[in-house]
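1. Have a look; sequence and predicted model below, questions after that.
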Amino acid sequence: MAKLVFHYGAMGSSKTANALMVAYNYEERNQKALILKPGLDTRDGDRIVRSRIGLSNTCELVETFIEAFKKDPTIIHGYHAIIVDEVQFATEEQIDVFSDIVDEYQIPVLCYGLRADFQNRFFPGSKRLMEIADEIKEIKTICWCGRKATCNARYDENGIVKEGAQVVLGANNNYISLCRRHFKEGRLR
């Protein structure tokens, strides 16, 4: 039975590496997995998904895929799974289309992304997945203190940033995963 699954974790928890390994497992079994990411994520190029440990693969954009799917749903024939990276940047409507694909076409949609932003608030795509996903799975990582990291702190040369736009693309140069205690205290180390 196909499911809509949300794999979430703080930054640095290997979400993208996990997504790419799942895609590889499908390929290894001669099954096709479609890898998608929202067009907002341009850090590694328009149609590349890359993990911090160096794994990468080509992908399509969520927006382009959904537009094409709405015009011709048969484009998903031949796919055994859809894998969505950086799903937090998807819209609620896009998440609903993914749930339709699971329910109507019996193709699993495996989503990977952040649950919350730098203010510990849901991203729209993550919120919708928390509401409707068949399974919600945490990918864990740790804070500098050794506790489980659940928060994504944005920082600059002055320390932790508490205000600003919800989306500022970055990686280890802009964000650090912290436990809730150190996030609240604003302690980077």
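-> Sure, I can see it. This is a predicted model, so every value here is computed, not measured. Residues are numbered from 1 along each chain as shown.

2. neighbours around the closest residue to residue 86 other than its chain neighbours, how many?
-> Distances taken as Cβ to Cβ, 6 or more residues apart in numbering place residue 41 nearest to residue 86, at 4.5 Å, with adjacent residues excluded. (Each C-beta comes from the backbone N, C-alpha and C, glycine too.) Number of residues near residue 41 (other Cβ atoms under 10 Å) recorded here: 21.

3. For the remainder of this discussion, apply numbering that starts at 8.
-> OK, 8 is where the count begins now, so the last one is residue 48.

4. Mind pulling up the pLDDT for residue 48?
-> pLDDT, residue 48: 74.

5. got it, and residue 79?
-> 96.

6. how close does it get to residue 73?
-> To residue 73, residue 79 is 12 Å away according to Cβ to Cβ, to the nearest Å.

7. One more: residue 125?
-> Taking Cβ to Cβ, one finds residue 125 at 27 Å from residue 73.

8. which of these two has more neighbours?
-> Using other Cβ under 10 Å, the more surrounded residue of residue 125 and residue 73 is residue 125, with 25 against 18.

9. Please verify my assumption that the more buried one contacts residue 183.
-> No - the criterion here is Cβ atoms under 8 Å, and residue 125 misses it with residue 183 at 10.1 Å.

10. who touches both of the two?
-> 159, 160 (Cβ atoms under 8 Å, 6 or more residues apart in numbering).

11. Helix, strand, or coil at residue 53?
-> coil (DSSP: H, G, I helix; E, B strand; the rest coil).

12. so when I look at the residue nearest to residue 93, I'm seeing a helix, right?
-> No - counting by three-state DSSP, residue 48 is located in no helix; its state is coil.

13. I'd say it and residue 97 touch.
-> No - under the criterion of Cβ under 8 Å, residue 48 makes no contact with residue 97, lying 10.4 Å away.

14. Verify the contact between residue 98 and residue 131 for me.
-> Yes - with contact defined as Cβ under 8 Å, residue 98 and residue 131 form a contacting pair (6.0 Å).

15. residues in contact with the residue nearest the centre of the chain?
-> With distances taken as Cα atoms, centre = their mean, the chain has residue 120 as the residue nearest its mean C-alpha position (2.1 Å). Taking Cβ under 8 Å, 6+ apart, we find residue 120 in contact with 13-15, 22, 91-96, 130, 132-133.

16. That one pairs with what?
-> The partner list for residue 120 in beta bridges (DSSP bridges) reads residue 15.

17. all strands for the chain, in order.
-> 11-15, 39-44, 55-57, 63-65, 67-68, 86-91, 116-120, 142-145, 158-163, 166-167, 182-185 (DSSP state E).

18. ok now the first one, how far from the chain's centre?
-> By that I understand strand 11-15. Its chain's average C-alpha position is 8 Å from that of strand 11-15, according to Cα atoms, centre = their mean, to the nearest Å.

19. That'll do, ta.
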